[in-house]
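Novice: Next one to model:
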Amino acid sequence: MAEAPEVRWYGLDCSPLGTRRLWLLMGTLGDRPTEDLGVLVVAPSDAARQILEAGDGTLVAQMGDEDSLVSLRLDTIDPIDDVRLERALLMAYDACFGEPRSDRSQPPCQ
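Specialist: Below is the predicted model:
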């Protein structure tokens, strides 16, 4: 994206599974509130709620009716015990393989 050249976008594009989805961003989003290292996930709203309730993330933006952009709070995760970080990342990645999305107007993965 020209507006955010310092952001790295990760997505999944798999025709056989009928999925094309952005799931991870790394970097800072200009004036958007992100945590220090700028690790953000696109997660279904229910998974995002679990991340927020565990204190492992901060809501950055609601993305339509089904998804949320969450900045992971790496400062709350003990570097020795990375299970919480792994759980948050896997929730977002697993969402790529869910049921076909009802809203196909979402922009394609970068």
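
Novice: Tell me what the spatially most central residue of the chain is bridged to.
Specialist: For the chain, the residue nearest the mean C-alpha position is Val41 (1.3 Å; C-alpha atoms, centre = their mean). Under the criterion DSSP bridges, Val41 forms beta bridges with Leu24, Val70.

Novice: That one against Arg21, yeah?
Specialist: No - using C-beta atoms under 8 Å, Val41 is not in contact with Arg21; the gap is 11.5 Å. In this view, the C-beta of every residue, glycine as well, is placed from N, C-alpha and C.

Novice: Now for Arg49, how many residues are close by?
Specialist: The tally of other residues near Arg49 (other C-beta atoms under 10 Å) stands at 15.

Novice: which SS state does Gln50 fall under?
Specialist: helix (DSSP: H, G, I helix; E, B strand; the rest coil).

Novice: Once you drop chain neighbours, what's closest to it?
Specialist: Residue nearest to Gln50 in three dimensions, not counting chain neighbours: Met91, with 7.1 Å by C-beta to C-beta, 6 or more residues apart in numbering.

Novice: Can you pull the phi/psi pair for the one you found?
Specialist: With angles defined as degrees, to the nearest 10, Met91 sits at phi -60, psi -40.

Novice: any idea where the strands of this structure begin and end?
Specialist: Assigned by DSSP state E, the chain shows strands spanning 8-14, 19-26, 39-44, 57-63, 67-72.
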